[in-house]
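Participant: I need the structure of the sequence given here:
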Amino acid sequence: MFKIAKYVMYDILRSKVLIAYSLFLLLVSFSLFSMEENSSKSLISLMSVVMIIVPLVSIIFSTTYFYNAYQFIELLVAQPISRSSILLGEFLGVSVSLLTALLIGVGIPVLIYAPDSTGLVLMISGFALTLSFISLAFFSSVAMRDKAKGIGMSLMLWFYFSVIYDGLVLGILFSFNEYPLEKAVIALASFNPIDLGRIIILMKMDISALMGLTGAVYKQFFGSSFGIIYSLSIMLMWIIFPLLIALRIFRKKNL
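Facilitator: Model (predicted):
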């Protein structure tokens, strides 16, 4: 598994796409910190980039790489290597490569301009989102044999979590605004890793007052020790569950 991951990392780290991704994040991060004297305002702007661009690149790059490496995967399957080791090796190699790009592109500017707990939470959320959407990408790639359908499914997943989901939640809250929805609001946030990451960062910045009643509910729950453990557990589930489903499909799939 680790030998496969090492090969994948070596292959990806030479990719012009990954280099361009790292430089783009680095340029955007430094630009945002340079435009504002207050690092907190820059972190809010950077959070928007991390919440949208990072999941998009993670899921599309991972899906594309999986299909481009399909012949290599077929060659490995013909060897006395378990399919689980093959898929986990691919996942590990892609994950380390994209996390390295994020660490360079966002981590270095954050370390220079905002070396505090808020910057650390932003990076942890970015890492969790990267791994979550790589996991979703592997699920899409394994589930769909056709490359166009796999990439389309990955794009739909990203679009759903980034745009459609928020609209659905707003519709539910507006339709049932006469009912006590405090617990429902927390539960709904758990079904979207992007929303969950955004809430964790906003709670750390202590600007929940700007979010109205919903912000007060979030602060009461996610600001507690149990809320932090719950958030980390849900983020971990978003990484593990899609990958487990992909592993189950891959073991039985006829390549």
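Participant: so where's the stretch 101-250 of the chain shaky on pLDDT?
Facilitator: Applying pLDDT under 70 to the stretch 101-250 of the chain flags residues 177-183, 206-224.
Participant: hey, where'd the strands end up in it?
Facilitator: With DSSP state E, counting those that start in this stretch, there are no strands along the stretch 101-250 of the chain.
Participant: what about the residue lying closest to I108 once chain neighbours are set aside, neighbour count?
Facilitator: Spatial nearest neighbour of I108, excluding adjacent residues (CB to CB, 6 or more residues apart in numbering): L26 at 6.9 Å. (Glycine included, C-beta is placed from N, CA and C.) Using other CB atoms under 10 Å, L26 has 17 neighbouring residues.
Participant: Please point out which parts of stretch 153-165 sit buried.
Facilitator: By neighbour count on 16 or more other CB atoms under 10 Å, the buried set for stretch 153-165 is M153, S154, L157, W158, F161, S162, Y165.
Participant: what do you get for stretch 114-121?
Facilitator: By neighbour count with 16+ other CB under 10 Å, stretch 114-121 contains the buried residues A114, T118, G119, V121.
Participant: ok, L103 to L32 distance?
Facilitator: As judged by CB to CB, to the nearest Å, L103 and L32 stand 17 Å apart.
Participant: More neighbours: which of the two?
Facilitator: Ranked by neighbour count (other CB under 10 Å), L103 and L32 place L32 first, with 21 against 17.
Participant: pLDDT on the longest helix along the chain, on average?
Facilitator: Secondary structure of the chain per DSSP state H: the longest helix is helix 39-68. Averaging pLDDT along helix 39-68 gives 88.
Participant: Now do that helix: which elements does it pack against?
Facilitator: Helix 39-68 is packed against helix 16-35, helix 83-102, helix 108-113, helix 117-143, helix 147-159, helix 193-205, with contacts defined by 3 or more CB pairs under 8 Å, 6 or more residues apart in numbering; DSSP states H and E.
Participant: For the next helix or strand after that helix, C-alpha coordinates in PDB please.
Facilitator: Note on helix 39-68: by DSSP states H and E, the next helix or strand toward the C-terminus is helix 70-77. Only the C-alpha atoms of helix 70-77 are listed here, as PDB (Å, rounded to 0.1, in the frame of the first residue of the first chain):
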ATOM      1  CA  TYR A  70      -7.000   3.200 -14.600                       C
ATOM      2  CA  GLN A  71      -4.600   1.200 -16.700                       C
ATOM      3  CA  PHE A  72      -2.000   1.300 -13.900                       C
ATOM      4  CA  ILE A  73      -4.700   0.100 -11.500                       C
ATOM      5  CA  GLU A  74      -5.700  -2.700 -13.800                       C
ATOM      6  CA  LEU A  75      -2.000  -3.800 -13.900                       C
ATOM      7  CA  LEU A  76      -1.800  -3.800 -10.100                       C
ATOM      8  CA  VAL A  77      -5.000  -5.800  -9.800                       C
END
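Participant: quick check: angle from helix 70-77 to helix 117-143?
Facilitator: Helix 70-77 and helix 117-143 are oriented at 80 degrees to each other (axes from the mean of the first three to the mean of the last three CA atoms, to 10 degrees).
Participant: quick one: helix 70-77 to chain centroid distance?
Facilitator: Put simply, helix 70-77 sits 26 Å off its chain's centre (CA atoms, centre = their mean, to the nearest Å).
Participant: do the same with stretch 45-58
Facilitator: 8 Å.
Participant: can you check stretch 36-49 too?
Facilitator: 19 Å.
Participant: got the buried residues for that stretch?
Facilitator: For stretch 36-49, the neighbour count (16+ other CB under 10 Å) marks S39, S42, L43, I44, L46, M47, V49 as buried.
Participant: which residue packs closest to the last one, ignoring adjacent ones?
Facilitator: Yep, that's V49 we're talking about. Spatially, and ignoring its direct neighbours in sequence, V49 is nearest to V28 (5.8 Å; CB to CB, 6+ apart).
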